[in-house]
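Visitor: sequence isn't available, so here's the structure alone:
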């Protein structure tokens, strides 16, 4: 008789280790189905001992072990388990939580009998346009196929994964995304596990245990979709790197531009690329005469000309809603709700309302300033609704497609919007979430960013790099491009218009180095929500675990249901992380505390 320690790998189940009695010895790495809550769920065996060896601890335990036959369905190699340990340590997460997040959505009903290693770990950085990257991906896959190996291509969104699968269909074996369910999903899993061609997957399925894997390609690593939205907030780019190291695989990153952390020379200019002609528009003189407009006249004229010729246009705004912020003209303060959350102006049918970003606060547009009681409120910024309204006023017969979180809430809605955007003369107005849905192989005739300043004003430490990335992605997906700004001298804008100019990259690299931001350091950001006494207790536990590192506690913010939100930030040098001792201490912080490594926003 044996005692089996296993970690359940299913949603909504405990992420720690559970123990069972078993008649058979199941070695670590075995995938087995174990009884839990009246069900049998998949679990990974992480330890085994005989009942004799565990006799003392079993007697001292305040519970009885559950017994029965544990059905083994295969085993994972030590390389995958080692990669999970490395990933858990990097993210200061318990091993069980990391394993559950990595594998619970990526396990077929049967595992291969054996797994082969690759030909050696290496990294390759591909900073090219989408069409150029595709050709390189084919070259990598063909080289691996000649060795009898598969190539895994990971894309950040379902639409991008499906597009890659379609473009690489001659070499592709399977496409694994969340859109697959039931028998179709299981069939795709089994095909992918034994593939010798290309397997395309989204991040949630990228740890699928492929039998003969030779290379991993991470498409568009700058996308936020690689970071899991729930605890333990794993960054799948790091998890895939750990997997490539442990399985001795070739690893390639493809993007335009690559994140600064991945650029071999972060301060270098781009190589020459074929992009749409670009122009900067400074609307200040125009607005002195005509007043503020979300869409400058020159940009609006370009949209009108394109529409008149039957061409398609796309205009990006920074946020959904009408005005991204509202200020009081009398006291100059941002208008906030009772929780302290800033309000923006939005539309509700034919009327305007003030709304918080989380949607919990909605009030009519006759609201007063909470600071001074004034009615003299001014909406600022460029929201999607305002851009769409101005274009509709100028072109009342135009076919305008709104693409933001208010309108696009399901995959079906996104596909319907894509079909409407493909029609001649269509004008798409959306936020950054629109970009992955634009096929670079079928570019828009005209594209524009209505306000670069609104993007630069976002409270993210990557804001300027983000603007460059969005601008270049849009240029790559259009035949002509404009960007409006009141600060044309900013070097980030120069990088969008002239990416062969190294000024922005030199400036941003120097700034990151001075501040010890990535790639020269890491930001450890901690959050907790609760009453004031609870978050004070959490703050003490965080600071004790981090000692002697210096921490900065940001002001408490209002959260939902009357709770407060704690934010604490610490910096650590890039060559000092991961730290095994510190990571272990942070993984033991109480459940209300979340640990985030290098998040875009520290709030």
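Guide: Looks like it arrived, so ask away. All values derive from a computational prediction rather than experimental measurement.
Visitor: which residues in the stretch 51-200 of the chain form strands?
Guide: With strands called from DSSP state E, counting those that start in this stretch, the stretch 51-200 of the chain shows them at 71-75, 122-127, 150-154, 172-176, 198-201.
Visitor: so what strands line up beside the shortest one?
Guide: Translated: strand 198-201. Here strand 198-201 is paired, per DSSP bridges, with strand 150-154 (parallel), strand 172-176 (parallel).
Visitor: ok, the first one next?
Guide: Looking at strand 71-75 with DSSP bridges, its partner strands are strand 30-36 (antiparallel).
Visitor: what's the following helix or strand after the partner strand?
Guide: Secondary structure here is assigned by DSSP states H and E; on that basis, the next helix or strand after strand 30-36 toward the C-terminus is strand 39-50.
Visitor: buried residues, that following strand. List them.
Guide: 41, 42, 43, 44, 45, 46, 48 (16 or more other CB atoms under 10 Å). For the C-beta atoms, the positions are set from N, CA and C on the backbone; glycine is no exception.
Visitor: from the residues you listed, which two are the most distant?
Guide: 41 and 48 (18.7 Å; CB to CB).
Visitor: which among the strands paired with strand 198-201 is found nearest to residue 372?
Guide: For the strands paired with strand 198-201, the distance to residue 372 is smallest for strand 150-154, at 51.7 Å, taking CB to CB.
Visitor: for that closest one, buried residues please.
Guide: Across strand 150-154, burial judged by 16+ other CB under 10 Å covers 150, 151, 152, 153, 154.
Visitor: for the stretch 401-550 of the chain, just list every one of the helices.
Guide: In the stretch 401-550 of the chain, the helices defined using DSSP state H, counting those that start in this stretch lie at 411-421, 452-456, 463-476, 491-497, 503-515, 532-546.
Visitor: of these, which is nearest residue 389?
Guide: Nearest to residue 389, of all these, is helix 452-456, at 16.3 Å by CB to CB.
Visitor: separation between the residue lying closest to residue 319 once chain neighbours are set aside and residue 317?
Guide: Nearest-residue entry for residue 319: residue 383, 5.4 Å, with adjacent residues in sequence omitted and distances by CB to CB, 6 or more residues apart in numbering. Computed as CB to CB, to the nearest Å, the residue 383 to residue 317 distance reads 6 Å.
Visitor: how about residue 163?
Guide: Between residue 163 and residue 317 the distance, using CB to CB, works out to 24 Å.
Visitor: between the two, tell me which one has more neighbours.
Guide: Looking at residue 163 and residue 317 with other CB atoms under 10 Å, you find the greater number of neighbours at residue 317, namely 28 against 21.
Visitor: residue 276: neighbour count?
Guide: Counted by other CB under 10 Å, the residues lying close to residue 276 total 18.
Visitor: cool, and residue 523?
Guide: With neighbours defined by other CB under 10 Å, the count for residue 523 comes to 19.
Visitor: give the contact list for the closest residue to residue 74 other than its chain neighbours.
Guide: Ranked by CB to CB, 6+ apart and with sequence neighbours excluded, the top spatial neighbour of residue 74 is residue 111, at 2.7 Å. For residue 111, the contact set (CB atoms under 8 Å, 6 or more residues apart in numbering) comprises 31, 73, 74, 75, 76, 193, 209.
Visitor: so what's the residue count around residue 228?
Guide: Neighbour count for residue 228, taken as other CB under 10 Å: 17.
Visitor: my read: it touches residue 236, true?
Guide: Yes: distance between residue 228 and residue 236: 7.1 Å, which falls inside the contact criterion (CB atoms under 8 Å).
Visitor: any residues in contact with both of these two?
Guide: Residues within reach of residue 228 and of residue 236 at once, by CB under 8 Å, 6+ apart, are residue 203.
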